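**Q** All I have is the shape, not the residue letters:
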C-alpha cells in the first residue's frame, strides 16, 4: 500500500486573528486539536504527521508531538495557495505519485479522528482521487482534504472527487473562537 502522509499547514502570519493557529481554544493552542485528531487516526502513522510552518513559535508548540517541516518564507505569504505548500511538502518527503496526502487545517478545533478516517476511507473505498469536507450547505470548510499526490501535478480537470459533510467551524476571527467554544461546551 502507498504511504499516507498528514500535512498540517500552519503559517504564522494570520491577519484577522493574529497568531490564529496557536490561539488558545478551551485552554490549549488551536493547532493541538488537529494534531490530536491526526494522531488518533487509524490510517496515519505518527512518523508521517507533519506541521509545515515558517514560524518559530508554532514550531516550539508542535515539535514535541509531530515532525516539523520548515516552510520557505515565500510559501508563507498571504497570496500563496495551499496547493503550493502541498507540492513543497510532497517534494520534501519524496512522496510517490500514488501516496496519499491528508491536508488538515490547523484552525478546525472540532475536527476528530473519525472525520479524518471517514475521508480517507471514502477515497480508498470508492477509488476516488480526492475527498474534502464540506458544511451542511455543501460549502468547502477546509478542515480536511485527502488526495493522491499526483493530483497536485495533474493537468486538466480533476475527476473522481468525493465529499464528507461536517459542521465544523473554520476559525478565522475571535467571534469564530467563541462560537467553537460554545459548541464544544454543548451550549
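**A** Thanks, I have it. This structure is a prediction, so every number in the text was calculated from the model and none was measured.

**Q** remind me which residues of the chain are low pLDDT?
**A** Counting by pLDDT under 70, the chain has low-confidence residues at 1, 154-158.

**Q** max-length helix in it?
**A** helix 113-126 (DSSP state H).

**Q** next SSE after it?
**A** Helices and strands here follow DSSP states H and E; after helix 113-126, the next one along the chain is strand 130-134.

**Q** re earlier: tell me the angle of the longest helix of the chain relative to strand 130-134?
**A** Here the directions of helix 113-126 and strand 130-134 differ by 140 degrees (axes from the mean of the first three to the mean of the last three C-alpha atoms, to 10 degrees).

**Q** Okay, residue 50 and residue 40: tell me how far apart.
**A** Relative to residue 40, residue 50 is positioned 16 Å away (C-beta to C-beta, to the nearest Å). In short, each C-beta sits where N, CA and C put it, glycine included.

**Q** Between these two, which has more neighbouring residues?
**A** Legend: neighbour count by other C-beta atoms under 10 Å for residue 50 and residue 40, higher for residue 50 (21 against 13).

**Q** any chance you could map the strands in the chain?
**A** Taking DSSP state E, the strands of the chain run over residues 4-9, 24-25, 28-29, 49-53, 67-70, 100-104, 130-134, 140-148, 161-165.

**Q** So which of those is nearest residue 181?
**A** Comparison of the strands of the chain against residue 181 by C-beta to C-beta identifies strand 24-25 as nearest, at 6.3 Å.

**Q** residues near residue 97, how many?
**A** 13.

**Q** Residue 113 against residue 37, yeah?
**A** Yes - between residue 113 and residue 37 there is a contact at 5.0 Å, judged by C-beta atoms under 8 Å.

**Q** And the residue nearest the centre of this protein?
**A** With distances taken as C-alpha atoms, centre = their mean, the residue of the chain nearest its centroid is residue 104 (1.2 Å).

**Q** got the contact list for it?
**A** Residues near residue 104 by C-beta atoms under 8 Å, 6 or more residues apart in numbering: 6-8, 34, 37-38, 111, 116, 143-144.

**Q** among the residues you listed, which ones are buried?
**A** Neighbour-count burial (16 or more other C-beta atoms under 10 Å) applied to these gives 6-8, 34, 37-38, 111, 116, 143-144.

**Q** re earlier: same list, the strands of the chain, but as TSV with distance to residue 186 please.
**A** Converted to TSV, these look like this (distance: least, C-beta to C-beta, whole Å):
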stretch	distance to residue 186
strand 4-9	26
strand 24-25	15
strand 28-29	18
strand 49-53	29
strand 67-70	34
strand 100-104	24
strand 130-134	22
strand 140-148	20
strand 161-165	21
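
**Q** Show me the one of those strands that comes nearest residue 180.
**A** That would be, of these and by C-beta to C-beta, strand 24-25, which comes in at 6.2 Å.

**Q** Show residues contacting the closest one.
**A** For strand 24-25, the external contacting residues (C-beta under 8 Å, 6+ apart) are 30, 33, 109, 171, 177, 180-181, 184.
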